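> Could you work out the structure for the sequence below:
(one chain, ligands or ions: 2)
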Amino acid sequence: MGVELPELQFTSLDEIPLRISVPRKAFLEHKTRDVEFRLVQLRKLYWAIKDHEEEIFEACAQDLHKPRFETELAEIGWILNDIVFTTRNLHKWVKDEKAPDIDLNYKLMNPKIRKDPLGCVLVIGAFNFPFQLTLGPVIGAIAAGNTVVIKPSENAPRSAAVMQKIVEAGLDPSCYTIVQGGVPETQALLAERWDKIFFTGGANVGRIIAKAAAPHLTPVVLELGGINPAIVTKSADPRLVARRMLWGKLLNAGQVCTSQNYLLVDKALVGPVVEEFKKAYKEFYPNGAKGSEDYSKIVNETHFQRLKSMLDNTKGKILMGGTMDEKELFIEPTVVQVESIDDSLCTSESFGPFIPILAVDNLDEAIQLANGVQSTPLGLYPFGNKADVEKILAATRSGGVSINDAALHIPTLPFGGVGESGYGAYRGRSSFDVWVHRRPITSSPSWLEAILAIRYPPYGNKIKTFKAASALTPDFDRSGRKLTLGWLRCLFTLGGGTAKAGAGRAAAVAASE
Ligand SMILES: NC(=O)c1ccc[n+]([C@@H]2O[C@H](COP(=O)([O-])OP(=O)(O)OC[C@H]3O[C@@H](n4cnc5c(N)ncnc54)[C@H](O)[C@@H]3O)[C@@H](O)[C@H]2O)c1
Ligand SMILES: CC1=C(/C=C/C(C)=C/C=C/C(C)=C/C=C/C=C(C)/C=C/C=C(C)/C=C/C=C(\C)C=O)C(C)(C)CCC1
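Ligands and ions are numbered 1, 2, ... in the order given. This is a model prediction of the structure:
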């Protein structure tokens with residue numbers, strides 16, 4: 001039975017300032033400071049998602065031909081679990097933290113860290129996992145006590161419209177609202193002042209976001225794409241490589257920010273790896289990917305044409321797949337053996353089901369090539385024994401790493417890029433942390449006045465006492481060598497390191513009593 005879906009309607013440009021003035025005002029009225037209020041919102045969001053499950057399945061099917069299994073695991077189930085995880089932990093997360101590593105002298109001021117909400121924030125989503133990548137950051141923003149404006153991707157229009165229904169059904173409209181639209185509407189949003197912007201999308205648009213945020217000194221999280229390498233050393237298992245790398249590219253037809261963009265394979269393993277790709281493809285799709293319920297389409301004509309011209313322009317040899325159907329926006333998982341790292345399939349992010357393989361002479365060459373293409377990708381996928389993998393890790397950087405696997409998303413592990421692949425991380429506890437200001441709070445008791453008076457003029461000789469009580473003695477010499485102070489010495493000098501410092505500290509404590 002077909003499910004009726006709402007039509008996506010863009011928010012009128014004139015309406016945008018008024019629409020966002022509501023959550024901005026609600027924040028200033030401290031409506032979202034109350035933790036119980038946040039919990040109720042999250043719980044209501046949970047049930048609103050549950051109530052619209054069939055619409056989510058249908059919207060993901062219409063936007064991306066996303067298989068039900070993938071929608072269940074990576075969209076609905078993902079965000080529902082996220083909400084339950086968050087509501088279970090929120091009371092623990094919001095608690096004031098004792099400030100760590102505070103010197104004895106300052107302990108009496110009871111320093112602590114309070115997790116303050118940032119204010120009224122903007123979340124801009126991507127099309128490929130429309131619900132997970134838009135509502136995921138929103139869950140954290142609500143938990144942290146912010147009011148939120150949500151801008152889903154217009155490239156997954158059915159999902160954007162269903163998301164609006166969910167938000168309007170589940171959340172307090174004075175604190176959380178949706179603005180729908182494409183570039184002009186997003187630009188109108190970016191012209192406003194925000195307390196944080198969370199953006200998921202491509203690096204070029206990421207730059208536009210960061211620039212627009214700069215005049216207001218608005219902090220930004222950028223979850224960007226990646227030209228992610230997989231490095232297959234000669235100690236790797238070709239069957240595992242092929243099965244896992246194929247999964248990394250069949251999931252959402254390769255429209256995944258973390259999926260590997262290209263494989264650097266030790267030349268001894270290229271033949272066996274390609275053979276295993278063919279076997280795995282036959283096993284996963286006995287009748288081919290075309291027409292399969294378990295394979296997505298490319299999101300739209302523009303992306304289809306972009307991918308088609310990438311494949312048309314490769315100088316490599318297609319060893320598996322290679323078919324496409326423009327009418328159905330279908331592109332088959334395609335293994336291409338390329339001759340050079342400069343092949344366009346390697347050097348630009350395909351965000352599609354291409355699996356270019358480049359043979360390398362050895363691991364050193366692979367590391368050098370990977371760092372040359374992009375030295376800060378979102379993901380890195382090393383295959384091989386422990387020694388090979390450690391060598392790769394020590395010589396590369398990336399947002400995250402899955403050893404002997406494709407993009408493995410553990411739902412509560414911090415997730416984010418580095419350098420070109422973005423900055424800021426979320427998921428699990430990080431989804432809360434990314435949305436709060438860690439506000440240090442100290443409280444100076446009035447009875448401490450006798451000691452604190454050391455800071456007031458006339459300064460006279462006070463510096464001597466001050467230094468004796470507060471200067472730390474280095475535990476290293478002039479050549480940078482570490483000296484051993486010994487724990488006994490540390491204990492007897494109250495952490496100061498010398499008898500003088502210890503005496504000063506003891507005097508300070510005594511004077512406070
Ligand atoms: N790191 C991550 O978590 C992650 C997740 C998904 C996608 N991505 C990356 O995103 C890219 C593909 O996704 P996409 O096509 O949705 O990204 P995109 O950058 O085209 O669009 C993302 C969002 O930005 C808005 N936008 C587009 N152009 C804009 C402009 N000129 N000014 C203001 N706003 C604009 C869109 O409306 C959309 O909501 C890939 O590079 C992929 O790797 C990253
Ligand atoms: C040991 C036993 C079990 C455990 C089995 C395990 C551990 C299974 C693990 C399965 C995994 C890892 C499945 C992963 C599925 C992932 C999906 C569908 C996709 C996620 C996509 C995401 C998050 C995309 C994000 C995109 C981004 C950020 C950018 O574009 C049992 C449980 C089987 C029981 C027996 C013992």
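> So which bits of this structure are right by ligand 2?
70, 73, 74, 128, 129, 251, 256, 257, 258, 408, 409 (Cβ under 6 Å from any ligand atom). From N, CA and C alone the C-beta is placed, and that goes for glycine too.
> so where's the stretch 401-513 of the chain uncertain?
485-513 (pLDDT under 70).
> rerun that using 90 as the cut-off
407-409, 469-471, 484-513 (pLDDT under 90).
> circling back: okay, and which of the residues of the chain next to ligand 2 map to helices?
If you go by DSSP state H, those have residue 70 in helices.
> Need the buried ones from the residues of the chain next to ligand 2 selected in PyMOL.
Filtering the residues of the chain next to ligand 2 down to the buried ones (16 or more other Cβ atoms under 10 Å) takes a single PyMOL command:
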select buried, resi 70+74+128+129+251+256+257+258+408+409
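> now the residues of the chain next to ligand 2 in a markdown table, with distance to ligand 1?
Below are these laid out as a markdown table (distance: Cβ to the nearest ligand atom, whole Å):
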| residue | distance to ligand 1 |
| --- | --- |
| 70 | 14 |
| 73 | 16 |
| 74 | 12 |
| 128 | 5 |
| 129 | 7 |
| 251 | 12 |
| 256 | 7 |
| 257 | 3 |
| 258 | 7 |
| 408 | 14 |
| 409 | 10 |
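> domains in this structure, as residue ranges please.
For the chain, the structural domains run 14-224+435-439, 229-408, 472-512, going by the TED database.
> These into TSV, with extra columns for distance to residue 446?
Written out in TSV, the entries for the domains of the chain read as follows (distance: least, Cβ to Cβ, whole Å):
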stretch	distance to residue 446
domain 14-224+435-439	12
domain 229-408	49
domain 472-512	12
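> how much space is there between the residue lying closest to residue 445 once chain neighbours are set aside and residue 471?
Counting by Cβ to Cβ, 6 or more residues apart in numbering, residue 445 lies nearest to residue 108, which is 6.8 Å off, once chain neighbours are set aside. To residue 471, residue 108 is 18 Å away according to Cβ to Cβ, to the nearest Å.
> returning to what we had before: report how many residues lie close to the residue nearest to residue 445.
19 (other Cβ atoms under 10 Å).
> so how far is residue 162 from the closest residue to ligand 2 within the stretch 351-500 of the chain?
For the stretch 351-500 of the chain, the residue closest to ligand 2 is residue 409, as judged by Cβ to the nearest ligand atom, at 3.7 Å. Look at residue 409 and residue 162: by Cβ to Cβ, they are 23 Å apart.
> Tell me which residues touch the residue nearest the centre of the chain, please.
In the chain, the centroid-proximal residue (Cα atoms, centre = their mean) is residue 416; its distance is 3.1 Å. Applying Cβ atoms under 8 Å, 6 or more residues apart in numbering to residue 416 gives the contacts 221, 223, 399, 422, 423, 424, 425, 426, 430.
> In helices only, show me those residues.
Those of these mapping onto helices are residue 430, per DSSP H.
> would you list the contacts of residue 416 in TSV and tack on distance to residue 78 and neighbour count?
Below are those laid out as TSV (distance: Cβ to Cβ, whole Å; neighbours: other Cβ atoms under 10 Å):
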residue	distance to residue 78	neighbour count
221	19	23
223	15	27
399	19	26
422	20	26
423	23	17
424	19	20
425	17	20
426	13	23
430	15	17
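> Return the closest of the contacts of residue 416 with respect to residue 40.
residue 426 (22.2 Å; Cβ to Cβ).
> just to revisit the earlier point, now the residue nearest to the centre of the chain, nearest residue through space, not along the chain?
residue 425 (3.2 Å).
> again with residue 341
residue 369 (4.9 Å).
> mind checking how far that neighbour is from residue 361?
11 Å.
> Residue 167 contacts residue 150, doesn't it?
Yes. Residue 167 is in contact with residue 150 according to Cβ atoms under 8 Å; the separation is 6.4 Å.
> Looking at those two, which one has more neighbours?
residue 150 (25 against 22).
> And the contacts of residue 416, which two are furthest apart?
Checking those with Cβ to Cβ, the most distant pair is 422 and 430, at 13.7 Å.
> if we can go back for a sec, I'd like to know which of the contacts of residue 416 is nearest to ligand 1.
residue 223 (3.5 Å).
> and the closest one, how far is that from residue 349?
14 Å.
> Please apply the same query to residue 271.
Distance, residue 271 to residue 349, by Cβ to Cβ: 27 Å.
> Give me the nearest residue to the residue of the stretch 351-500 of the chain found nearest ligand 1, chain neighbours excluded.
Residue nearest to ligand 1 within the stretch 351-500 of the chain (Cβ to the nearest ligand atom): residue 351, separated by 5.1 Å. Among residues not flanking residue 351 along the chain, residue 255 sits closest, at 5.5 Å (Cβ to Cβ, 6+ apart).
> can you count the residues close to that neighbour?
24.
> next one: residue 376
So residue 376, with other Cβ under 10 Å, has 18 neighbours.
> And it, how close does it get to residue 227?
When distance is defined by Cβ to Cβ, residue 376 is 10 Å away from residue 227.
> try residue 198
Distance from residue 198 to residue 227, by Cβ to Cβ: 23 Å.
> The two: who's more crowded?
residue 198 (28 against 22).
> ok, residue 289 - contacts?
By Cβ under 8 Å, 6+ apart, residue 289 lies in contact with 250, 281, 295, 321, 330, 332, 333.
> now the closest residue to it other than its chain neighbours: how far from residue 99?
Using Cβ to Cβ, 6+ apart and skipping the chain neighbours, the partner closest in space to residue 289 is residue 295 (4.3 Å). Counting by Cβ to Cβ, the gap from residue 295 to residue 99 is 52 Å.
> got it, and residue 440?
Residue 440 is 7 Å from residue 99, by Cβ to Cβ.
> next one: residue 191
38 Å.
> Looking only at neighbour counts, state which of those two leads.
Neighbours per residue (other Cβ under 10 Å) separate residue 191 from residue 99, with residue 99 holding more: 17 against 12.
> when you scan the helix or strand hosting residue 382, is anything in it near ligand 1?
Assigned by DSSP states H and E, residue 382 belongs to strand 379-383. No. Shown here: strand 379-383 not in contact with ligand 1 (Cβ under 6 Å from any ligand atom), separated by at least 9.3 Å.
> Parallel or antiparallel, list what pairs with that strand.
Here strand 379-383 has these sheet partners by DSSP bridges: strand 229-232 (parallel), strand 400-401 (parallel).
> In JSON lines: those, plus distance to residue 243 and mean neighbour count.
Shown next, in JSON lines, are those (distance: least, Cβ to Cβ, whole Å; neighbours: other Cβ atoms under 10 Å):
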{"stretch": "strand 229-232", "distance to residue 243": "13", "mean neighbour count": "28"}
{"stretch": "strand 400-401", "distance to residue 243": "19", "mean neighbour count": "20"}
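> could you dump those to CSV with distance to residue 183?
Formatted as CSV, the strands paired with strand 379-383 follow (distance: least, Cβ to Cβ, whole Å):
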stretch, distance to residue 183
strand 229-232, 31
strand 400-401, 30
